[in-house]
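In: test case, fold it:
(one chain, ligands or ions: 2)
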Amino acid sequence: MITLESTKISEDLINCYWHPIAHKSELSSDRDFIRFNIKNFEVVVINDKGNFVAFDNLCPHRGARFFVEDFGNEVVKCLYHGWSYTRGKVNVAGVKNFQGCGIEHAALNEFNLEACGDFLFFSIAPKAKLKEQLGVKVYELLRKIGSDIESRADFNRYPFECDWTIALENALEPYHIPLIHTDTLASLQLGVGVNEFHGENSIWYSPVENEKVEKRLKSLNRFYSTTDAFQGYMSIFIFPFSMVSSTFGYSFSIQNFFPSASNESTFFTSRLYPTRNSESRYKDMTQGFVHSSAEMNRRIFDEDHQICKRIPSKAWSILPPRFTSTLEEKLIHFRESCAKWIK
Ligand code: FES
Ligand SMILES: [Fe+2]
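Out: Ligands and ions are numbered 1, 2, ... in the order given. So this is what the prediction gives:
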């Protein structure tokens, strides 16, 4: 019975919440698109002559998938019979041959899209406004982060072989860092730090306690024009499926842990966005740092994946674990939020 809980609530969580889906810089030109798998459907966000549109990836004619790539620049055109979409309209190939079927109503299956600064969020049937869902503090923080970001530098996607709740809870607790990320994240020697709770969302602020590393990181400050960035490691949880993390605000990593149709697999995507340089001539100089951050993040997520794979979905429940460390506080908060969705 317990094993079914995460599958049961994921449906409501997918439908009722706003999910971060893109930074506007990823869709800056006409025809830019990005595609995500969630459960048993796909959401695509496109730039349609300057308007952002989110929709189900299936052609409204007979359901061929429009896009198969993760992202790119392409016209929305179905390869099967040539239906296309532009300027907010579906163009039906050979429209004269569609009679008496209300063809003028042919439209994409659109989803709701809202922006928090430069971040785009999509929702199917939102229970609240985006600002309400995030809370003022998280909303304002994301707006600030969004305006600091320059563009996407890395796109990393593969299925995590575990339930989405397992993958997410791993991202919510720093207790595993010394053993799982020994040569990567653990080298920062992150302090216990502070957890802030904002409704169902949470933020962890943690100091970098390796003095040498901290000094080196601080010295990079002059190359970036960040707005009041936290001088340490920060991790924001956007309930239910997404995380935003950063060290000193030089780049931001956004991770989506979308449920799949199976409770032994999660649609994981992580993207890295470096922030703007204080002067354009620093861009080349910081390029190497961006590459090594991307590499490091990929290693860290792989380490997370390797351990998450060992945890079967039946190990999860909405009840708090029997034994909990203070480092697992956010995990309990997450379970409480999930519990509200069990009818
Ligand atoms: S299925 Fe797309 S045009 Fe027919
Ligand atoms: Fe981890």
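In: please tell me how far the residue in the stretch 201-343 of the chain that ligand 1 sits nearest to sits from residue 161.
Out: Residue of the stretch 201-343 of the chain nearest ligand 1, by CB to the nearest ligand atom: residue 261 (22.5 Å). Any C-beta I mention is one placed from the backbone N, CA and C, and that applies to glycine too. Per CB to CB, to the nearest Å, residue 261 is found 14 Å from residue 161.
In: got it, and residue 232?
Out: 32 Å.
In: those two - which one has more neighbours?
Out: Taking other CB atoms under 10 Å, residue 232 and residue 161 do not tie; residue 232 has more neighbours (21 against 18).
In: not counting its neighbours along the chain, what's nearest that one?
Out: In this structure, residue 232 finds its nearest non-sequential neighbour in residue 207, 4.5 Å apart by CB to CB, 6 or more residues apart in numbering.
In: just give me the neighbour total for the one you found.
Out: 17.
In: state the distance from it to residue 190.
Out: Residue 207 is 7 Å from residue 190, by CB to CB.
In: quick check: residues of the stretch 51-200 of the chain near ligand 1?
Out: Proximity of the stretch 51-200 of the chain to ligand 1 (CB under 6 Å from any ligand atom) is limited to residues 59, 61, 62, 64, 78, 80, 81, 82, 83.
In: one more pass at 5 Å, please.
Out: 59, 61, 62, 64, 78, 80, 81, 83 (CB under 5 Å from any ligand atom).
In: show me which of these are buried.
Out: By neighbour count, with 16 or more other CB atoms under 10 Å, those hold 59, 61, 78, 83 as buried.
In: would you map the helices across this protein?
Out: 5-16, 130-134, 136-148, 164-172, 177-180, 211-218, 282-308, 329-339 (DSSP state H).
In: let's have these in CSV, adding mean pLDDT and mean neighbour count.
Out: As requested, the helices of the chain are exported to CSV (pLDDT from 0 to 100; neighbours: other CB atoms under 10 Å):
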stretch, mean pLDDT, mean neighbour count
helix 5-16, 92, 18
helix 130-134, 98, 19
helix 136-148, 97, 19
helix 164-172, 97, 24
helix 177-180, 98, 14
helix 211-218, 96, 13
helix 282-308, 96, 16
helix 329-339, 96, 18
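In: phi first, then psi, for the residue nearest to residue 232.
Out: phi -80, psi 150 (degrees, to the nearest 10).
In: residues contacting it?
Out: Going by CB atoms under 8 Å, 6 or more residues apart in numbering, residue 207 touches 190, 191, 193, 214, 232, 233.
In: please repeat the previous calculation with a cut-off of 7 Å.
Out: 191, 193, 232 (CB atoms under 7 Å, 6 or more residues apart in numbering).
In: need the residues you listed in JSON lines (columns: pLDDT).
Out: Listed next are the contacts of residue 207 as JSON lines, based on pLDDT from 0 to 100:
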{"residue": "191", "pLDDT": "96"}
{"residue": "193", "pLDDT": "96"}
{"residue": "232", "pLDDT": "97"}
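In: can I get these in a markdown table with distance to residue 251?
Out: Formatted as a markdown table, the contacts of residue 207 follow (distance: CB to CB, whole Å):
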| residue | distance to residue 251 |
| --- | --- |
| 191 | 21 |
| 193 | 19 |
| 232 | 14 |
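In: which one of the residues you listed is nearest residue 171?
Out: Residue 171 has its nearest neighbour among the contacts of residue 207 in residue 193, at 15.0 Å by CB to CB.
In: look up how far residue 57 lies from that closest one.
Out: 40 Å.
In: out of the two, which sits in the more crowded spot?
Out: residue 57 (21 against 17).
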